[in-house]
Every structure is written in structure tokens, then in C-alpha cells.
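Participant: what follows is a predicted protein model with its sequence.
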Amino acid sequence: MFVVISYDIRSDKRRNRVFKTLKNFGQWMQYSVFECELDKTNLVRLKDRLNECIRPSEDDSVRFYFLCEHCKQQVKRIGGEKPRKEGAVIV
């Protein structure tokens, strides 16, 4: 499944941990936005790791937007990095 993930984290330390976690699962697109191609197992694994990084009580949040294949093909970009062709490396 194709997932766009955005985050808003107050603490620099926690934000860096979220960034490093997401970098292992997908492609960094903008400051707090990643695009990930995930199966169900890796989605659960990612959510578990992110839950360890954030503090909802301090207004940290991570949002997941699931796009179908047709919607994924409709994504348009102006400027910025083009998505890479190879799959994400999962550590």
C-alpha cells in the first residue's frame, strides 16, 4: 500500500528519531512528509516504532494518508525531488 505520512513533533530530539525511523521505511519528500510503499506487516512495525518515539501528551502527532493505486498515479509535483524507482530499504 502507498502511504503518505506527515508528522508534527515539538521536540527536536523526538523529531529526529521520527525522521530516522521513517527514513528506514520510505522516501523523504518534504520537511515532515514521507512517502512509503508498505505491506501490512511493515505498516504495523512502523506504527509500533513511531509510538515509541512520540509523546501525544505533548501534542506530537503522526498522520497516515492511504492512497489507492489510481490516486497514487494522480499525484502531481512542481519542483522538488522525483521519487526514486527502487523500493525502500527496511532495517
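Facilitator: Looks like it came in fine. Numbers count the residues shown, from 1 in each chain.
Participant: quick one: the strands in the chain?
Facilitator: Assigned by DSSP state E, the strands in the chain fall at 2-8, 27-30, 33-37, 61-67.
Participant: out of these, which gets nearest to residue 48?
Facilitator: Proximity to residue 48 (C-beta to C-beta) singles out strand 61-67 among these, at 12.1 Å. In short, each C-beta sits where N, CA and C put it, glycine included.
Participant: state the mean pLDDT of that closest one.
Facilitator: If you average the pLDDT over strand 61-67, you get 96.
Participant: do stretch 19-35 as well
Facilitator: Taken as a whole, stretch 19-35 has an average pLDDT of 94.
Participant: how about residue 46, nearest residue that isn't a chain neighbour?
Facilitator: Leaving out its chain neighbours, the residue that sits closest to residue 46 by C-beta to C-beta, 6 or more residues apart in numbering is residue 25, at 5.0 Å.
Participant: so the one you found makes contact with residue 41?
Facilitator: No - Residue 25 lies out of contact with residue 41 (C-beta atoms under 8 Å); the separation is 11.5 Å.
Participant: about what we covered before: mean neighbour count added to the strands of the chain, as TSV?
Facilitator: Below are the strands of the chain laid out as TSV (neighbours: other C-beta atoms under 10 Å):
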stretch	mean neighbour count
strand 2-8	18
strand 27-30	14
strand 33-37	19
strand 61-67	14
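Participant: got a list of what the nearest residue to residue 36 once chain neighbours are set aside touches?
Facilitator: Nearest non-adjacent residue to residue 36, counting by C-beta to C-beta, 6+ apart: residue 26, 3.0 Å away. For residue 26, the contact set (C-beta atoms under 8 Å, 6 or more residues apart in numbering) comprises 3, 5, 34-38, 88.
Participant: in a markdown table: the strands of the chain, plus distance to residue 15.
Facilitator: Below are the strands of the chain laid out as a markdown table (distance: least, C-beta to C-beta, whole Å):
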| stretch | distance to residue 15 |
| --- | --- |
| strand 2-8 | 8 |
| strand 27-30 | 13 |
| strand 33-37 | 13 |
| strand 61-67 | 11 |
